[in-house]
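*Asks:* fold the following for me, if possible:
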Amino acid sequence: MADFNGIVARFATEGTVGSVKPLGNGLINDTYVVRTEEADMPDYVLQRINHHIFTDVDVLQSNIEAVTAHIRRKLEESGADDIDRKVLRFIPVRGGGKTYHFDGESYWRMMAFIPGAHTLEAVTPESSRDAGRAFGEFQAMLVDMDADLKESIPDFHNMELRLRQLREAVALDKAGRVEGVRDILEEIESRADEMCLAERLHREGKLPKRICHCDTKVNNMMFDEHGQVLCVIDLDTVMPSYVFSDYGDFLRTGANKGDEDDRDLSRVEFDMDIFRAFTEGYLSSARTFLTPVEIDNLPYAAAMFPYMQAVRFLADYINGDTYYKIQYPDHNLVRTRAQMKLLHSVDRHTPEMRAFIASVAGA
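*Replies:* Here you go, the predicted model:
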């Protein structure tokens with residue numbers, strides 16, 4: 001059991017610690033709410049950073065500090081009110097200046113608790129439109145940021161790397177499973193060239209890297225008492241990437257009518273209502289800075305992410321299930337087939353998607 005009082009004391013907090021209790025059900029970091037005894041003092045959120053995933057905590061926190069400071073300045077310049085509820089505020093270590101503390105075993109950070117705020121879990125057209133608008137605004141506020149951010153997870157959404165990893169897994173065939181998945185491997189290889197379009201466009205100077213969130217889920221936004229979006233949260237994966245990361249990754253999960261690991265492939269379909277709502281929200285705030293190349297390739301982003309996730313699940317299956325947690329022996333294969341089914345559904349809807357994007361982008 002961690003010495004929570006001792007850890008909190010390392011940070012420049014105000015007030016007296018009254019209680020420390022678990023908060024939420026995050027899959028990566030351990031999160032706690034720190035309540036202070038005084039009514040006029042702020043409460044805090046304490047997190048144990050998973051340094052096995054985020055191996056360079058200094059880069060992680062430097063990225064977050066730069067992004068939140070930039071957004072705070074933008075809000076101040078625009079005369080926004082209630083700024084502490086519209087951007088996360090991380091608490092420095094006493095006397096050190098850093099926003100994280102290493103206790104010999106774990107890395108910890110603290111941020112001010114946002115009162116009267118809540119998240120949503122349900123993916124509906126309304127929440128998807130809010131998400132699109134919020135993540136588009138997030139990118140838009142960071143377009144002119146000149147800080148040198150690093151990748152908190154190197155090559156996180158690099159399609160060429162993911163294919164290399166799959167090919168290495170096939171060559172080694174550690175678990176003897178390659179023969180049973182030749183049909184999927186053939187389809188993946190047949191589409192490899194088209195799915196690596198982003199990396200090629202970037203090398204040709206046609207596709208910029210921007211500061212992106214890279215984990216665009218509905219529950220990564222905070223809402224106020226009136227249902228209005230306050231701010232984007234969970235900034236661990238904020239890093240340079242293509243806008244496709246924020247657009248395509250949301251649709252991969254949010255616009256899937258089935259489950260990521262659905263055994264019943266008839267349920268796995270691309271939800272055009274969610275697509276239209278998210279796209280409408282996203283372009284309402286992002287089209288001010290998006291280039292024609294970025295807009296034209298948004299349907300490609302919707303296809304690339306189920307393809308990429310299929311590649312990752314299949315590589316793990318072939319390697320003997322060493323990365324993703326599984327609940328039964330062929331779990332990663334079931335996941336792979338579900339992602340490929342979603343990809344096929346995206347393909348069928350691509351002409352309709354292109355027409356909708358053109359109509360919204362040109363409005």
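*Asks:* tell me where the longest helix sits in this protein.
*Replies:* Criterion DSSP state H: the longest helix present in the chain is helix 331-361.
*Asks:* which residues of the stretch 1-150 of the chain fall in strands?
*Replies:* 17-22, 30-36, 44-49, 101-102, 107-112 (DSSP state E, counting those that start in this stretch).
*Asks:* please apply the same query to the stretch 201-350 of the chain.
*Replies:* Under DSSP E, counting those that start in this stretch, the stretch 201-350 of the chain gives strands at 210-212, 221-223, 229-232, 239-241.
*Asks:* out of the strands of the stretch 1-150 of the chain, flag the one nearest M141.
*Replies:* Of all these, strand 107-112 sits nearest to M141, with 18.6 Å by Cβ to Cβ. C-betas here are computed from N, CA, C, even on glycine.
*Asks:* counting contacts, what elements does the closest one pack onto?
*Replies:* Secondary-structure packing of strand 107-112 (3 or more Cβ pairs under 8 Å, 6 or more residues apart in numbering; DSSP states H and E): strand 44-49, strand 101-102.
*Asks:* if we go to 7 Å?
*Replies:* strand 44-49 (3 or more Cβ pairs under 7 Å, 6 or more residues apart in numbering; DSSP states H and E).
*Asks:* export the strands of the stretch 1-150 of the chain to CSV and tack on distance to M145, mean pLDDT and mean neighbour count?
*Replies:* Below are those laid out as CSV (distance: least, Cβ to Cβ, whole Å; pLDDT from 0 to 100; neighbours: other Cβ atoms under 10 Å):
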stretch, distance to M145, mean pLDDT, mean neighbour count
strand 17-22, 34, 92, 13
strand 30-36, 27, 94, 18
strand 44-49, 23, 96, 20
strand 101-102, 26, 94, 16
strand 107-112, 20, 96, 21
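*Asks:* could I get these as a markdown table with distance to D236?
*Replies:* A markdown table is the format used below for these (distance: least, Cβ to Cβ, whole Å):
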| stretch | distance to D236 |
| --- | --- |
| strand 17-22 | 18 |
| strand 30-36 | 12 |
| strand 44-49 | 8 |
| strand 101-102 | 17 |
| strand 107-112 | 10 |
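*Asks:* which stretch among the ones you listed comes nearest I7?
*Replies:* strand 107-112 (5.3 Å).
*Asks:* wait, M159 touches M308, no?
*Replies:* Yes: using Cβ atoms under 7 Å, M159 is in contact with M308, at 5.7 Å.
*Asks:* find residues that contact each of the two.
*Replies:* Overlap of the contact sets of M159 and M308 (by Cβ atoms under 7 Å, 6 or more residues apart in numbering) is empty.
*Asks:* returning to what we had before: do you know which of the strands of the stretch 1-150 of the chain lies nearest R10?
*Replies:* Judging the strands of the stretch 1-150 of the chain by Cβ to Cβ, what sits closest to R10 is strand 101-102, at 4.5 Å.
*Asks:* which secondary structure elements does the closest one sit against?
*Replies:* Counting by 3+ Cβ pairs under 7 Å, 6+ apart, strand 101-102 packs on no helix or strand.
*Asks:* contact partners of it?
*Replies:* 7, 10-11, 93, 108.
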